[in-house]
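# Sequence below, structure please.
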Amino acid sequence: MAKCVGLDWGGREHGVCVVERASGAVAARFMVRHDAAGLADLVKRLARLGPPGELPVAIERPNGLVVETLMAVGHPIVPIHPNVVKASRPRYSAAGAKSDPGDCYLLADLQRTDGHRFRPLMPCSPGLKALQALVRGRAALVRQRVALANQLRTLLEGFWPGAGVLFAAIDSPIALVFVERYPTPASAARLGEQRLRAFLVRHAYSGRRSAAELLARLKAAPQGRASVAEAEAKGVLVRALASVLTRLGAQIRAVTQRIERDVAALPDGPILMSFPCAGRLCAAQILVELGDVRERFQSADQLAAEAGVCPVTRQSGKSRGVVFRWACNHRLRHAITGLADNSRHACPWAADIYQRAKARGCPHPHAVRILARAWIRVLWRAWTERKPYDPACHRGALALAA
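Next comes the predicted model:
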């Protein structure tokens, strides 16, 4: 490969710089617009400089339309983390200047000088990419639901606190139906035990609290001091938020059902689902971050570092410290620790590791990460060998049972 390409992603325009691998001289530098004509022009200009397979493109963002376009014609994509680019910027400018043309040259030259440190992007199968879009999209919807539920709770605390504490969760179906039916204190002025009982039966309330207990909880809450006009105005907002949360919850449930169906159909789905208390949703969250390219993680230690379940050692002279690992795949860490936390309720081996960590004084999050680190070894072995988890082959579990 005689040339290296650097592409600085922009909203409307992308900067491109091509340098000679031997001398580092700039062979071409241009800007392309983010539209159909601009992307076609990008492909044509790069084709004039050499075959696509011999022109690797360094870019900070490892996904998107530009990446898909370049990979479709055969260009190797070399993702470089923005933190690496930021740390390397003083090598090229003592003043710390930053510009799009400068960044695309920096990316191209980093690939030329340090290309052996960066691994080319290895895309997953189409089925796994579709599952990845569903899983990450669902996570965004869940975050939006939490934000809207917090907004609704804060709104109710200002003029009608009782409605916010009547049920366990403000975004539960029964709570949303209640605040949509009774959005203000005035609308619930005539609500008695008999009416509340009929309301609970009509909406199939499955909680353990009786109508009398719920009514007592409603009356024991502080009384709002808002005027009639203010309460009516806030009641309109309560109904709007309750309606949005109801529709959002229904869509999240639909996406969850699609994820549970799709993960079972993938070849690696049953492997992740075979772990104790993994379930389909947690298995899908782990699978989309692992991918289906086995060469991506050469060892269990590399996977543990990517998942952020092993600490970082910082040593200089006589000073040595072991600190929490911040730089990692946060989605993978959330999924792996969730699997570990669930597994201790069904697997004696996992429960033993967790309890021994707690006995050493580790708090719950630290103990869960220790357990996740232990599961990583088993998970990596099952994933690389394409075999479901088998307790009969798990030496640690067998030793504990013996």
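# contacts, neighbours, all on C-alpha from now
Fine.
# Now do the strands in the stretch 51-200 of the chain.
All strands of the stretch 51-200 of the chain, identified by DSSP state E, counting those that start in this stretch, fall at 57-59, 77-79.
# correction: the stretch 251-400 of the chain
Using DSSP E, counting those that start in this stretch, strands in the stretch 251-400 of the chain cover 312-316, 319-323.
# Return the angle between stretch directions for the last one and strand 312-316.
For the pair strand 319-323 and strand 312-316, the angle between their directions (axes from the mean of the first three to the mean of the last three CA atoms, to 10 degrees) equals 170 degrees.
# Assign residue 16 to helix, strand or coil.
strand (DSSP: H, G, I helix; E, B strand; the rest coil).
# and it, bridged to which residues?
Beta-bridge pairing of residue 16, defined through DSSP bridges, involves residue 7, residue 30.
# Am I right that it is in contact with residue 10?
No: if you go by CA atoms under 8 Å, residue 16 and residue 10 don't touch, sitting 10.7 Å apart.
# And the two? Which one has more around it.
Each of residue 16 and residue 10 has its neighbours counted (other CA atoms under 10 Å); residue 16 has more, 28 against 12.
# just to revisit the earlier point, would you format the strands of the stretch 51-200 of the chain as CSV with mean neighbour count, mean pLDDT and distance to residue 311 included?
Below are those laid out as CSV (neighbours: other CA atoms under 10 Å; pLDDT from 0 to 100; distance: least, CA to CA, whole Å):
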stretch, mean neighbour count, mean pLDDT, distance to residue 311
strand 57-59, 28, 95, 29
strand 77-79, 22, 95, 25
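# Now render those strands as CSV, adding distance to residue 339.
Shown next, in CSV, are these (distance: least, CA to CA, whole Å):
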stretch, distance to residue 339
strand 57-59, 33
strand 77-79, 29
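# Which one of those lies nearest to residue 110?
Among the strands of the stretch 51-200 of the chain, the nearest to residue 110 by CA to CA is strand 57-59 (8.4 Å).
# Geometric centre of this structure: which residue is closest?
The C-alpha lying nearest the average C-alpha coordinate of the chain belongs to residue 331 (CA atoms, centre = their mean; 3.7 Å).
# How about that one, nearest residue that isn't a chain neighbour?
Ranked by CA to CA, 6 or more residues apart in numbering and with sequence neighbours excluded, the top spatial neighbour of residue 331 is residue 289, at 7.3 Å.
# doesn't residue 332 make contact with that neighbour?
Yes: contact criterion CA under 8 Å: residue 289 and residue 332 qualify, at 5.8 Å.
# more crowded one of these two?
Between residue 289 and residue 332, counted using other CA under 10 Å, residue 332 has the larger neighbour count: 22 against 19.
# Domain map for this protein?
3-117, 129-261, 269-401 (automatic domain parsing).
# Just put these in a markdown table and tack on distance to residue 123.
Shown next, in a markdown table, are the domains of the chain (distance: least, CA to CA, whole Å):
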| stretch | distance to residue 123 |
| --- | --- |
| domain 3-117 | 9 |
| domain 129-261 | 9 |
| domain 269-401 | 8 |
